[in-house]
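Got a predicted model here, sequence first, then my questions.
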Amino acid sequence: RMEGRLDSFLKEVDALHKCLKSRDGQLIKGSWQKKLGAHLDTLVGHIRDESADIMGQERTREFKPTGPCLQHMLQDGLIVKISDVCLGEEQVASRLLWLRAFTALVSTVQHHPLLLQEAVILPLRTMIQVFMNPSPALQEPEERAFIQLLSLICKKIVDESTLLPLFFTPKPGVRADAFPVFAALTPLALKNNAEAITARNAIFLCVELTNSNPELASYVSAQSNLAGQVADRLVQLYNFFMFSQLDPALKYWKISNTEARLMAGVAPFLDLIEFCDTVASVSAPPVAATLVSTLSERLLAGRFSEQLNHATPEVVTRAVVFFDWCLRHMSTSTLLRPFVQCALQHRAVFIDRINGRGDACLVALRFLYTLVNLNCEDVFLELCLRPLLAREHLQDASAAAAPVDPAKLAFQRTAAAVCGASVRMFMSLNPLNSPSPPSFSFGNYITEAQRAVRGAVVACSGWRHAYNAADVERYNARPSNGLSAEGFHKASGGFIKSLFSKAAPPKPQESLLTALLRRLAQMFSNTYQTNLLLTTLLARIASFPQPILREYLMDPTLPLRPDYPSLYRTLEAVARTAREELRKNAQLPDWVQQHRTMQQRVDDAKEDARAPPPPPAEGQSTSSPTTLRKLTNLISRRSDDKKEKEREREREREAEPAIELDAERKPHLRTILALLVFEEFLKEISALCLEQTYRALGDGLDPG
């Protein structure tokens, strides 16, 4: 069979030689291209069949790494001859045929180091140079085939390290030709098409090699301009979104990751952010450092920071939204670090906007929730814990400087009280005392609280400090007696110190916790969406196990300064407002209960319409989210399409047959929804309080 294949192969080679000579120096015509393509496909087919036979004989005595067909092709210089003809400046159409055939040839031959042969590597280098600077520009099929070839080369280099010197030659200065494969991949990876994914995967293979090759790391970080091109492309996409016309009724704070990708220009931006995240995680430190510093300079300092400080409210809102999306699409601390640094540097902007109106407040709350959800020690230290460490909230101003009795901190007093008194104090604030829905008992709140607290404990298990009595004493001690506040910050392993030492960030008028509590006190004047985001963020913070945080949020008996808000004081004030509203209108309790029943029916209808969920994983709880988290906006959405709006109303009528807002009830809708959220939040915070108590008792009351 080998001999028969060789005879057929040699005949095809002769036919190909005649085909190459038949052009007579003229432009290749369509009929000639078809003949050339047929000959190339036949030759590659012979090599493929031969390669399959050789691979089948790999473990036999007859095994030879080079078959007669491939050996003849290499000795005859056929690859060089075809390249000279097909890659000429005027041979625009034929180059795609040869590119595809060459890629197929390289991918087919697995048993032979084909790329080590001079008869192959020389025309391959020529091909890469031609397609890097094409004239005219590459068409989509050519670009796709070129990316496939470059990706194949990268895979070969990873599999066989001896191939890298054939494609990478270290040279001084900024030289793209030092590694043409990488230089060609970079602009292709920044495009917005399906082929860009293949190009990015090939780049990942290259940058991963930088961990074992310092010269390659130096090239990628200092010579390739990968970071500069990526940063410029991100800025371009960012500007496109910031200054594009969007629906004025668009609810930024409500946009999910999936919905964001449907907006013009957003998906390419987020894809590039994820690309940077991967590069930073798999590359050598110099490569990651160059990428991060370039993004910090051009995107964060050049665009985000500038617009957060000097732009109009609408532009600031869009900038915060984009910032939020960036954080949601990052996973490696290397890339998260500068973005979190930037967020903390401008934390006054976000905290001050909590007191704003409309999208300004909602977007800030959504962003802060994303920031808290990073479970970063530096974030909690700067946003929540630093004032508590300094004991600024205590009535006794000398408490910060005096030695701290661990028995008075570390949640000791709260742990003893929460078993009964504290939970009863929180629950006693409920002006309605309505029963929970039949399908949702207080045990479900406990289950949700257990899941939230356990998750928070795991998330902050790597923090440097426990933030207990001993840490409070160390933080407030004089340098001669202990660790100063500045030293505490350095010892925390934080990454914001170096940035703050250059330019101190504007200090917010209040901490995040006090800002949230002051806004929560306005629950009956807030919108429904604001109350939901507020309570969600507060519940998330309350699930963390740090003793000074638990003490401040969940000990109603803590001696606070009169002007310093606490969770219990705030909820107590909201409860007084609720009782005033109930005295004004005796029908409110019935309306709240009817809305709760209606919401339960809506949730049930939605559950029935969905496909059955997959079975829970082993050890995973099957309880549903708390009623507070299931509440949805009962106010109909705006729609420019009258037909769609009518269909939406029809669906609402089908799902909610029992309730319609009459003229008497409609003016009180905000109060009804505020009562709903308030009652559910009291149950949720009580469950968290109870779970934190049991955990503190189980941990030995954090002896400090």
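Structure received.

Residue 383 touches residue 348, doesn't it?
No. In this structure residue 383 lies outside contact range of residue 348 using C-beta atoms under 8 Å: 11.2 Å. To be clear about C-beta, it is placed using only N, CA and C from the backbone, and glycine gets the same treatment.

Name the residue in these two with the higher neighbour count.
residue 383 (24 against 15; other C-beta atoms under 10 Å).

And the pLDDT for the more buried one?
Turning to residue 383, the model gives it a pLDDT of 90.

Then residue 255?
76.

Please, where are all the strands along the stretch 351-500 of the chain?
Under the criterion DSSP state E, counting those that start in this stretch, the stretch 351-500 of the chain carries no strands.

Tally up the residues packed near residue 305, please.
Neighbours around residue 305, by other C-beta under 10 Å: 17.

Got the phi and psi for it?
Backbone geometry at residue 305, expressed as degrees, to the nearest 10, gives phi -60, psi -40.

Equivalent analysis for residue 284, please.
phi -70, psi 150.

And the helices in the stretch 501-650 of the chain?
Assigned by DSSP state H, counting those that start in this stretch, the stretch 501-650 of the chain shows helices spanning 512-520, 528-542, 547-554, 567-584, 588-609, 627-630, 642-655.

do the same with the stretch 351-500 of the chain
359-372, 377-380, 386-389, 412-417, 423-427, 442-459, 469-476, 485-491, 497-502.

I'd like these as CSV, with distance to residue 14 and mean neighbour count appended.
Below are these laid out as CSV (distance: least, C-beta to C-beta, whole Å; neighbours: other C-beta atoms under 10 Å):
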stretch, distance to residue 14, mean neighbour count
helix 359-372, 67, 22
helix 377-380, 72, 21
helix 386-389, 82, 20
helix 412-417, 92, 20
helix 423-427, 92, 18
helix 442-459, 70, 18
helix 469-476, 84, 22
helix 485-491, 77, 15
helix 497-502, 70, 12
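
looking at the ones you listed, which is closest to residue 169?
Comparing those by their distance to residue 169 (C-beta to C-beta), the top pick is helix 497-502, with 36.8 Å.

per-residue confidence averaged over the closest one?
33.

what's the nearest residue to residue 253 once chain neighbours are set aside in contact with, if anything?
Nearest residue to residue 253, sequence neighbours excluded (C-beta to C-beta, 6 or more residues apart in numbering): residue 362, at 3.9 Å. For residue 362, the contact set (C-beta atoms under 8 Å, 6 or more residues apart in numbering) comprises 251, 252, 253, 529, 530, 533.

Which of the residues you listed has the largest number of neighbours?
residue 533 (25 neighbours).

Surely that residue touches residue 253?
Yes. Counting by C-beta under 8 Å, residue 253 is a contact partner of residue 533 at 7.1 Å.

Common neighbours of the two, please.
Going by C-beta under 8 Å, 6+ apart, residues that sit against residue 533 and also against residue 253 are 362, 365, 366.

excluding its backbone neighbours, what's nearest the second one?
Among residues not flanking residue 365 along the chain, residue 533 sits closest, at 4.0 Å (C-beta to C-beta, 6+ apart).

got it, and the last one?
Nearest-residue entry for residue 366: residue 253, 4.4 Å, with adjacent residues in sequence omitted and distances by C-beta to C-beta, 6+ apart.

so what does the helix or strand residue 13 falls within touch, helix or strand wise?
Residue 13 is part of helix 2-21 when elements are defined by DSSP states H and E. Here helix 2-21 touches helix 30-56, helix 68-76, helix 78-86, going by 3 or more C-beta pairs under 8 Å, 6 or more residues apart in numbering; DSSP states H and E.

export those helices to CSV and tack on distance to residue 296 and mean neighbour count?
As requested, the helices and strands packed on helix 2-21 are exported to CSV (distance: least, C-beta to C-beta, whole Å; neighbours: other C-beta under 10 Å):
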stretch, distance to residue 296, mean neighbour count
helix 30-56, 48, 16
helix 68-76, 50, 17
helix 78-86, 44, 19
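
Report the distance from stretch 328-337 to the chain centre.
7 Å (C-alpha atoms, centre = their mean, to the nearest Å).

Determine how far the last residue of it lies from the first.
13 Å (C-alpha to C-alpha, to the nearest Å).

Name the residues of that stretch that are buried.
Residues of stretch 328-337 classed as buried: 328, 329, 330, 334, 335, 336, 337 (neighbour count, 16 or more other C-beta atoms under 10 Å).

any idea of the mean pLDDT in the helix or strand containing the last one?
Assignment of secondary structure by DSSP H and E places residue 337 within helix 333-345. Across helix 333-345, the average pLDDT comes to 90.

what helices or strands is it leaning on?
Using 3+ C-beta pairs under 8 Å, 6+ apart: helix 333-345 touches helix 266-282, helix 285-295, helix 313-328, helix 359-372, helix 377-380, helix 497-502.

so residue 169 sits in a helix?
No. Counting by DSSP: H, G, I helix; E, B strand; the rest coil, residue 169 is not found in a helix; it is coil.

show me the contacts for it.
178, 179.

Distance to residue 523 added to the helices and strands packed on helix 333-345, as CSV?
Output for the helices and strands packed on helix 333-345, formatted as CSV (distance: least, C-beta to C-beta, whole Å):
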stretch, distance to residue 523
helix 266-282, 33
helix 285-295, 40
helix 313-328, 23
helix 359-372, 13
helix 377-380, 25
helix 497-502, 35
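
so where's the stretch 301-450 of the chain uncertain?
The stretch 301-450 of the chain contains residues with pLDDT under 70 at 396-424, 433-440.

thinking again about what came up before, and the residue nearest to residue 365, how far from residue 251?
12 Å (C-beta to C-beta, to the nearest Å).

ditto for residue 696
For residue 696, the distance to residue 251 - C-beta to C-beta - is 39 Å.

and what of residue 322?
For residue 322 relative to residue 251 (C-beta to C-beta), the value is 15 Å.

How about residue 466?
Taken as C-beta to C-beta, the span from residue 466 to residue 251 is 40 Å.

What of residue 321?
10 Å.

then stretch 69-85 to CSV, C-alphas only?
The C-alpha trace of stretch 69-85 is given here as CSV (Å, rounded to 0.1, in the frame of the first residue of the first chain):
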residue,chain,number,x,y,z
CYS,A,69,5.8,10.8,0.6
LEU,A,70,6.8,13.3,3.2
GLN,A,71,10.4,12.6,2.7
HIS,A,72,10.1,13.3,-1.0
MET,A,73,8.2,16.5,-0.3
LEU,A,74,11.0,17.8,1.9
GLN,A,75,13.8,16.7,-0.4
ASP,A,76,12.2,18.1,-3.5
GLY,A,77,11.8,21.5,-1.9
LEU,A,78,8.1,21.4,-2.9
ILE,A,79,6.9,23.6,0.0
VAL,A,80,9.3,26.4,-1.0
LYS,A,81,8.3,26.3,-4.6
ILE,A,82,4.6,26.5,-3.8
SER,A,83,5.2,29.4,-1.4
ASP,A,84,7.1,31.3,-4.0
VAL,A,85,4.2,31.1,-6.4
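
average pLDDT for it?
82.

Show me which helix runs longest in this structure.
Secondary structure of the chain read by DSSP state H shows that its longest helix is helix 669-698.
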